[in-house]
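Student: 3D model of this:
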Amino acid sequence: MGKYFGTDGFRGEANKDLTFTHAIKIGRFLGWYYGARVGKKAKIVIGKDTRRSSYMFEYALCTGLMASGADAYILHVTTTPSVAYITRVDDFDCGIMISASHNPYYDNGIKLLNGNGEKMDEETILKVENYIDGVTDIPLAERDEIGRTVDYVAGRTRYSGYLISLSKYSFKDVKVGLDVANGASWQIAKAVFDALGAKTYVMNDAPDGYNINTDCGSTHIEHLQKFVVEKGLDIGFAFDGDADRCLCVDEKGNVVTGDHIIYIYGLYLKEQGKLDNNKVVTTVMSNFGLYKALDKVGIEYEKTKVGDKYVYENMVQYGHLVGGEQSGHIIFTKYATTGDGILTALKMMEVMLAKEKPMSVLAAPVVFYPQVLKNVRVKSKPDAQNDPDVKAAVQKVADELGDTGRILVRESGTEPVIRVMVEAGTKETCEKYVDSVIDVIKSKGHLSE
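Tutor: As a prediction, this is how the structure comes out:
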């Protein structure tokens, strides 16, 4: 990760951590950099979510791009996966999404995508950061080299059409609930489900610039649970602010997580003989119950570091078709280069209709194990995690759990914290084993003052 850009872009409180000046400089560099690479005006597409500050960042980015000679194509309010899709299919040099995903309205972020609609490579990110910090200088465009903006709302419409084209079934008479989190999917999601014939019931679809993710969406799924039960719906889907993630609620009001979704779709592909490599991709934070369920049906799995970026890299490298995170970032590499909440919802509808089973039955084999996760603030993360006595304590827990649970000890990517997590048959067992490892960390003097 760089100085400003993390695994999911440059993110922070608007005009405090991430300012309009940062946005202008990002636009300035990208407009010049891609123009120099292609030897003509760069074409860069921009989307944004519904935060009030997204308009400021949109104009700032456009100003920077035009000042460096690029043409900025504006999708307006749209989802992150739609920007990735349009960047790729309409041959843009790169794409920019303005969003802080599931964060509160006062935060915002800038996500950069390469010409293939994938997250920008670290080398280019470093060049952007060097320009932000004044390490490099670039010229201003003059005369006929100055860029312009282009209204490109047609790209958003084309993305909606693409999603509709992927459905193998009519959704006629299926009652579907959608929680669009007052965010980027507030228009697109309903339009897609309506076009496919669903009886669509939508909540949190009145964005005002301040209510994105506020007590709604995939991070507050309890409201959709209640909504599905009260309305007697067949299924519910909750998205986050930029709609790159999706969680489900079955007809009984139970939450269906990203782990369940990976299992459901992985098994669906396997049953059709279409699960390439007979593998799905997870992160180390997927629940032990998912792995037990996959073992039962003979599906293998990869485990990556936390972050959809790492999931996608693994999938591309080894040719896997489905992977994701428990939080609902699900990637279907046959159809998209990023997590796509609406696409995920469509794929769950496909499995339900193809197998003629309710979501509660499809998700039932994945039984979550109790989990306890505790954070320990330490002086040095590497010293604490690599301490021989700490490693021995972790191995002892792993040996005692055997195939009845698991232990995971990992470093936080953003804080001076070691995370100790245990999944086992009972919460009491989890507590006991987590505390046993933390006690060793303490006894060896690794705790910060």
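Student: what are the ranges of the strands in the stretch 101-250 of the chain?
Tutor: 107-113, 149-151, 175-179, 199-203, 235-239, 246-249 (DSSP state E, counting those that start in this stretch).
Student: possible to save these as a markdown table with mean pLDDT and distance to G324?
Tutor: In this view, the C-beta of every residue, glycine as well, is placed from N, C-alpha and C. Shown next, in a markdown table, are these (pLDDT from 0 to 100; distance: least, Cβ to Cβ, whole Å):
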| stretch | mean pLDDT | distance to G324 |
| --- | --- | --- |
| strand 107-113 | 97 | 18 |
| strand 149-151 | 98 | 34 |
| strand 175-179 | 98 | 19 |
| strand 199-203 | 98 | 24 |
| strand 235-239 | 98 | 14 |
| strand 246-249 | 98 | 10 |
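Student: Show me the one of those strands that comes nearest Y301.
Tutor: strand 246-249 (20.2 Å; Cβ to Cβ).
Student: what's in contact with that closest one?
Tutor: 177, 218, 221, 224-225, 228, 235-239, 255-258, 260-261, 327-328, 330, 341-342, 344-345, 348, 359, 363 (Cβ atoms under 8 Å, 6 or more residues apart in numbering).
Student: before we move on, back to that, switch the strands of the stretch 101-250 of the chain over to TSV, and while doing so, append mean neighbour count and distance to W32 to every line.
Tutor: TSV is the format used below for those (neighbours: other Cβ atoms under 10 Å; distance: least, Cβ to Cβ, whole Å):
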stretch	mean neighbour count	distance to W32
strand 107-113	25	15
strand 149-151	13	17
strand 175-179	25	41
strand 199-203	18	42
strand 235-239	30	35
strand 246-249	29	37
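Student: Can you say which of the ones you listed is nearest to V422?
Tutor: Going by Cβ to Cβ, the one of these nearest V422 is strand 246-249, 24.0 Å.
Student: pLDDT weak spots in the stretch 201-350 of the chain?
Tutor: For the stretch 201-350 of the chain, applying pLDDT under 70 flags no range at all.
Student: residue ranges for the helices of it, please.
Tutor: Counting by DSSP state H, counting those that start in this stretch, the stretch 201-350 of the chain has helices at residues 222-231, 258-271, 288-296, 308-318, 341-355.
Student: residues contacting the residue nearest in space to the middle of the chain?
Tutor: The centroid of the chain falls nearest to H329 when counting by Cα atoms, centre = their mean (4.1 Å). Shown in contact with H329 (Cβ under 8 Å, 6+ apart): 244-245, 258, 308, 311, 339.
Student: switch the cut-off to 10 Å
Tutor: 8, 101, 240, 244-246, 258, 283, 307-309, 311-312, 323, 338-341, 344 (Cβ atoms under 10 Å, 6 or more residues apart in numbering).
Student: same question, D194
Tutor: D194 touches 164, 171, 176, 200, 202, counting by Cβ under 10 Å, 6+ apart.
Student: Mind putting these into JSON lines with distance to I146?
Tutor: As requested, those are exported to JSON lines (distance: Cβ to Cβ, whole Å):
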{"residue": "I164", "distance to I146": "38"}
{"residue": "F171", "distance to I146": "47"}
{"residue": "V176", "distance to I146": "47"}
{"residue": "T200", "distance to I146": "44"}
{"residue": "V202", "distance to I146": "42"}
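Student: Could you single out the nearest of those residues to Q187?
Tutor: Distances from Q187 to these, taken by Cβ to Cβ, are shortest for V202, at 10.1 Å.
Student: L267 and A336, how far apart?
Tutor: 20 Å (Cβ to Cβ, to the nearest Å).
Student: what's the domain layout of the chain?
Tutor: Listed domain ranges for the chain are 5-155, 167-363, 371-443 (source: automatic domain parsing).
Student: May I see the buried residues of stretch 273-282?
Tutor: 275, 279-282 (16 or more other Cβ atoms under 10 Å).
Student: if we can go back for a sec, got the helices of the stretch 201-350 of the chain as CSV, with mean neighbour count and distance to P382 columns?
Tutor: As requested, the helices of the stretch 201-350 of the chain are exported to CSV (neighbours: other Cβ under 10 Å; distance: least, Cβ to Cβ, whole Å):
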stretch, mean neighbour count, distance to P382
helix 222-231, 18, 39
helix 258-271, 24, 29
helix 288-296, 19, 26
helix 308-318, 19, 20
helix 341-355, 22, 36
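Student: Helices of the stretch 51-200 of the chain, residue ranges please.
Tutor: 52-67, 80-89, 122-132, 153-166, 188-195.
Student: Tell me which of these lies nearest to R143.
Tutor: Of those, nearest to R143 by Cβ to Cβ is helix 52-67, at 12.8 Å.
Student: Next, the angle strand 107-113 makes with that closest one.
Tutor: 40 degrees (axes from the mean of the first three to the mean of the last three Cα atoms, to 10 degrees).
Student: Can you list the buried residues in helix 52-67?
Tutor: 53-54, 56-67.
Student: helices or strands up against it?
Tutor: helix 20-38, strand 43-48, strand 71-77, strand 94-98, strand 107-113, strand 149-151 (3 or more Cβ pairs under 10 Å, 6 or more residues apart in numbering; DSSP states H and E).
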